[in-house]
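Q: what shape does this take:
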Amino acid sequence: MPRAKSGRGPLQAAGYRPTGNEIPHELGDFSLLLYSGYGKKEALLLNLLTALTAVAGGLLFYFFSGLVANLESFALAFTAGNFIYIASADLMPEFHKEKRTRESALQIALMLFGAAAIWLAARTLGG
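A: Alright, predicted model coming up:
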């Protein structure tokens, strides 16, 4: 029986991106919930519920995006605003509580690395 061609097609590549992004994302969410004082079962259930709302939102957007002109622009601005709010209201105060210099330096380095990765991706992809 002939073997399938081992090249990476667009559908195969599209499957890798969400997997490569979502696994660390969900682990990070789970860790934040544990750090916030939730038990393992509660954190897992809340993580599952938030993941399901993302799926529901994606499906709603897919089916109803043709009804509103330029909905993608509004959705992108809304999403960016939410991330800025979360960073400023929830995460930054936690950074300020850190008293250990090494941990603070690591947090700053990781934030700079994330910003550099986004810049590099935008530059590389022509965004």
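Q: ok, Leu33 - contacts?
A: Contacts here follow CB atoms under 8 Å, 6 or more residues apart in numbering; on that basis Leu33 touches Glu42, Ala43, Leu46, Asn47. To be clear about C-beta, it is placed using only N, CA and C from the backbone, and glycine gets the same treatment.
Q: which one of those sits closest to Glu98?
A: Nearest to Glu98, judged by CB to CB, of the contacts of Leu33 is Ala43 at 21.6 Å.
Q: quick one: that closest one from Phe113, how far?
A: Per CB to CB, to the nearest Å, Ala43 is found 26 Å from Phe113.
Q: and which of the contacts of Leu33 is nearest Phe83?
A: Distances from the contacts of Leu33 to Phe83 were compared by CB to CB; the smallest belongs to Asn47, at 17.9 Å.
Q: buried among the contacts of Leu33? Need that as a selection in PyMOL.
A: Only the buried members of these end up in this PyMOL selection, burial being decided by 16 or more other CB atoms under 10 Å:
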select buried, resi 43+47
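Q: now, which of the contacts of Leu33 sits nearest Arg100?
A: Checking the contacts of Leu33 against Arg100 with CB to CB, the nearest one is Ala43 at 24.5 Å.
Q: let me know whether the closest one touches Gly37 as I believe.
A: No - when contacts are counted by CB atoms under 8 Å, Ala43 is not listed as touching Gly37 (9.5 Å).
Q: dead centre of this structure: give me the residue that sits there.
A: Computing the C-alpha centroid of the chain and ranking residues by CA atoms, centre = their mean puts His25 first, at 5.4 Å.
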